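S.K.: Sharing a sequence plus its predicted fold:
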Amino acid sequence: MGATVKICGLSDAQHVKAAVSAGARYLGFVFFPKSPRNVSIERAAKLMVDVPVGVAKVALVVNADDALLDRITSETLVDMVQLHGSESPERVAQVKARYGLPVMKAIGIAGPEDVAQIERYAGVADQLLIDAKAPKGADLPGGNGIAFDWRLVQRKYWPCPWMLAGGLAPDNVAEAIRLTGAKQVDVSSGVESAPGIKDDRLIAAFCAAAHAAN
Ligand SMILES: O=C(O)c1ccccc1N[C@@H]1O[C@H](COP(=O)(O)O)[C@@H](O)[C@H]1O
């Protein structure tokens, strides 16, 4: 059966093409200046123009205000907004209503108490991104290349689609899918040769492993 793939943190045309050719169905563009994958709105707008229909263009923001989201949604062809900060369920609902776009809410997992938080968003977000919680003092709320204990989400069910993320890479994604039953997976640093530098071969290997997993 395999899993659907999101490649996150794209910032150049070569790797957008590589992700599309490898069969990724979601492409993530990071609008967060502290990230090595941060991309300008102008650049993201240009990158999104050539993405084929059927591949979702996802804008990743962290505690973004309406001014930033107004610009991203009016100047780019974004299909989905990923909220990867401490946004409340009410903020998720507000963003959905204001932009009329599907919203994916990221939830950081370190222990069972974090898994309990997922319920708060499952009824309001269109998708959930189940990611590793950032370590204390980390600059980034995600994109740290850290995995959480996948057993924490074994045999868990939520009333909306969800994506597994956090420390995934070509050599562990099949195991992650097998252990968690994830139908969708998301990767940022695990397909890079250096922070922010995507690698075509790793993108292809990740997609092949995820698509072949069962
Ligand atoms: O990718 C980033 O730079 C990033 C910055 C800020 C918030 C989230 C970010 N990435 C998201 O985090 C997951 C996990 O990243 P990784 O694969 O462990 O590096 C990634 O899939 C993005 O959705």
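M.R.: Yep, that arrived.
S.K.: ranges for the helices of this structure?
M.R.: Assigned by DSSP state H, the helices in the chain fall at 13-21, 41-49, 66-75, 89-99, 112-122, 173-180, 200-212.
S.K.: Report the beta-bridge partners for the residue nearest in space to the middle of the chain.
M.R.: Against the mean C-alpha coordinate of the chain, by Cα atoms, centre = their mean, the closest residue is residue 186 at 5.1 Å. Residue 186 forms beta bridges with residue 6, residue 165, as assigned by DSSP bridges.
S.K.: pLDDT below threshold where in the protein?
M.R.: In the predicted model, the chain carries no residue with pLDDT under 70.
S.K.: Write out the residues of the chain neighbouring the ligand.
M.R.: 8-9, 28, 30, 32, 35, 37, 60, 62, 84, 129, 131, 140-146, 165-168, 186-190 (Cβ under 6 Å from any ligand atom). Bear in mind the C-beta positions are built from the backbone N, C-alpha and C, glycine included.
S.K.: please redo it, this time with the cut-off set to 8 Å
M.R.: 6, 8-9, 28, 30, 32, 34-38, 60, 62, 82, 84-85, 106, 129, 131-132, 140-147, 163, 165-169, 186-190, 196 (Cβ under 8 Å from any ligand atom).
S.K.: Show me which of those residues are buried.
M.R.: Among those, the ones that count as buried by 16 or more other Cβ atoms under 10 Å are 6, 8-9, 28, 30, 32, 35-38, 60, 62, 82, 84, 106, 129, 131-132, 140-147, 163, 165-169, 186-190, 196.
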